[in-house]
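coords please:
(chains A and B)
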There are 2 protein chains.
Amino acid sequence: MLSYAEPIRELIEQLEALPGIGPKSAQRLAFHLLAAGPERAERLARALVDVHRRIRRCEECGNWSVEALCPVCVADDRERDAICVVADAKDLMALERAGEYRGLYHVLDGLLSPVEGVGPGDLRITELLERIDRLGVSEVILATPPTVEGDATAEFLREVLGGRGMRVTRLALGLPVGADLDYADQVTVARALRGRTEMTE
Amino acid sequence: MLSYAEPIRELIEQLEALPGIGPKSAQRLAFHLLAAGPERAERLARALVDVHRRIRRCEECGNWSVEALCPVCVADDRERDAICVVADAKDLMALERAGEYRGLYHVLDGLLSPVEGVGPGDLRITELLERIDRLGVSEVILATPPTVEGDATAEFLREVLGGRGMRVTRLALGLPVGADLDYADQVTVARALRGRTEMTE
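Numbers count the residues shown, from 1 in each chain, chains lettered A, B, ... in the order given. This is a model prediction of the structure:
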């Protein structure tokens, strides 16, 4: 069997290292990019380099931003007495896409994980406390994911924030919208039952 | 809703333009590449630019190659009296992966398509005829795909090559290995029936 020329093999390897791209897709993508000519590949290459050259972290909340402060932090229509705490900027974007929340954010840069050696000192918790005091925040929404690490981090923050006299809430657990009860896992169904809400007229 | 910063949006657009990558995957990939740091993105960017700088077309068969002649054309263990005609280099790679064929190739650079205005003069047919004469080829395998354009191109080449006293064959049509008869389309089942082969002991 003919093996690929080295530059093709290298491109396939780089594509295969991306999440959700298997060996077959990586080959198909590489051949597509080869057949589509140099301009196409160079535009993608430029976008890849550019995104790291031009995007930095918001000095306030840790969100991705072109400027020193991100669009959320500079917007004058956001409520400044609520902070939603997320593990990373990807989760911040997911919440923004939902279009429901009008407050500020704080990116932790990870989750507590004794297994991987991530302790409170590795997360942006000092910065969070400083912002809470400075802004006079009345609610902190812990939007860490419903995983072992996300639960542990939320629990830790709840303890740290306790006694500061503000509301500390967490995202609701329950059935995803449109879900089939039959297909939902037991833990989710149990949490949906436990968190059942009163139906009002 | 917060819109993405311009460099992020540009990266998402470039990724979304790739085949098989939808808006959701493009977002996920962009955020992954952002979070993974500049080295990761730059390695991919370099591979994209490199593949076009270093890969050219084999002067003989049209395959992708780092050198003037591709690995198939320079290999001394390939049979030089058979040429397998393919639409593009991707198809050549697919045949090589099968590991069954030991002859040479010829890349046409497309298929006849009156609709898209591709005529015989747009394909590397003159080069094919020149090679056939020069190499004294005894079999030409037409490995164009079983589509309208692939059929038309194979039919055209069969006519051009007729009377030159060589075998002209085409890839077999039939059920894909492992296929469920029940799921195969009618045309494929009909072709598999028509092309049925004698079972010998």
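
CA only for contacts and neighbour counts going forward, please
Fine.

do you know the pLDDT at A:Thr200?
pLDDT recorded at A:Thr200 is 68.

against B:Arg40, how distant is the residue in chain A that chain B sits nearest to?
As assessed by Cα to the nearest Cα, chain B sits closest to A:Ala45 within chain A, at 4.1 Å. A:Ala45 sits 12 Å away from B:Arg40, taking Cα to Cα, to the nearest Å as the criterion.

those two: which is more packed in?
Set side by side, A:Ala45 and B:Arg40 show more neighbours around A:Ala45, with 22 against 18, by other Cα atoms under 10 Å in any protein chain shown.

who's in contact with that one?
Residues in contact with A:Ala45 (Cα atoms under 8 Å, 6 or more residues apart in numbering or on different chains) are B:42, B:44-46, B:48-49.

what about the residues you listed, which are in helices?
Counted as lying in helices by DSSP state H, out of these, are B:42, B:44-46, B:48-49.

walk me through the domains of chain A.
In the domain annotation for chain A, the residue ranges read A:6-53, A:79-170, A:172-201 (automatic domain parsing).

ok, the residue nearest to A:Val49 when sequence neighbours are not counted - how many residues close by?
Nearest residue to A:Val49 in three dimensions, chain neighbours excluded: B:Glu42, at 5.9 Å (Cα to Cα, 6 or more residues apart in numbering or on different chains). Neighbour count for B:Glu42, taken as other Cα under 10 Å: 18.

so B:Glu42 makes contact with A:Ala47?
No: counting by Cα atoms under 8 Å, B:Glu42 stays clear of A:Ala47, with 10.1 Å between them.

what is in contact with these two at once?
Both B:Glu42 and A:Ala47 lack any common contacting residue under the criterion Cα under 8 Å, 6+ apart.

for A:Val51, give its distance to B:Leu34.
In this structure, A:Val51 and B:Leu34 are 7 Å apart, going by Cα to Cα.

likewise for A:Leu34?
Counting by Cα to Cα, the separation of A:Leu34 from B:Leu34 is 24 Å.

for the most centrally placed residue in chain A, give me its contacts.
Of all residues in chain A, the one closest to the mean position by Cα atoms, centre = their mean is A:Asp91, 2.2 Å from it. With contacts taken as Cα under 8 Å, 6+ apart, A:Asp91 has no neighbouring residues.

next, the buried residues of the one helix or strand it maps to.
If you go by DSSP states H and E, A:Asp91 is part of helix A:89-98. Of the residues in helix A:89-98, A:89-93, A:95-96 count as buried by neighbour count, 16 or more other Cα atoms under 10 Å in any protein chain shown.

so where's chain A uncertain?
Under the criterion of pLDDT under 70, the regions of chain A flagged as low confidence span A:1-2, A:199-201.

which stretches of it form strands?
Under the criterion DSSP state E, chain A contains strands at A:56-57, A:64-65, A:82-86, A:104-107, A:139-142, A:167-170.

nearest to A:Ala26, out of the ones you listed?
For these, the distance to A:Ala26 is smallest for strand A:64-65, at 27.9 Å, taking Cα to Cα.

picking up where we left off before, ok, so of the ones in helices among the contacts of A:Ala45, who is nearest chain A?
For these, the residue nearest chain A by Cα to the nearest Cα is B:Ala45; the value is 4.1 Å.

one step back: now, of the domains of chain A, which is deepest in the fold?
By mean neighbour count, with neighbours taken as mean count of other Cα atoms under 10 Å in any protein chain shown, domain A:6-53 ranks first of the domains of chain A at a mean of 19.

A:Pro38: what's it in contact with?
Contact criterion Cα under 8 Å, 6+ apart gives B:49, B:52 as the residues in contact with A:Pro38.

let me redo that: A:Ile141
Taking Cα under 8 Å, 6+ apart, one finds A:82-85, A:168-171 in contact with A:Ile141.

restrict these to contacts with chain B.
The overlap between these and the neighbourhood of chain B (criterion: Cα under 8 Å from any Cα of the partner chain) is empty.

and of these, the nearest to A:Arg102?
Among those, A:Ala82 lies closest to A:Arg102 (Cα to Cα), at 8.5 Å.

would you agree that closest one is in contact with A:Asp133?
No: using Cα under 8 Å, A:Ala82 is not in contact with A:Asp133; the gap is 11.9 Å.

rewinding a little: next, format the domains of chain A as a markdown table and append distance to B:Asp122.
Written out in a markdown table, the entries for the domains of chain A read as follows (distance: least, Cα to Cα, whole Å):
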| stretch | distance to B:Asp122 |
| --- | --- |
| domain A:6-53 | 16 |
| domain A:79-170 | 47 |
| domain A:172-201 | 52 |
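
right, and those - which one's nearest B:His106?
B:His106 lies closest, by Cα to Cα, to one member of these: domain A:6-53, at 16.3 Å.

OK, contacts around the residue lying closest to A:Gln14 once chain neighbours are set aside?
The spatially closest residue to A:Gln14, leaving aside those adjacent along the chain, is B:Leu44, at 5.5 Å (Cα to Cα, 6+ apart). Contacts for B:Leu44 were tallied using Cα under 8 Å, 6+ apart; they are A:11, A:14-15, A:45, A:48.
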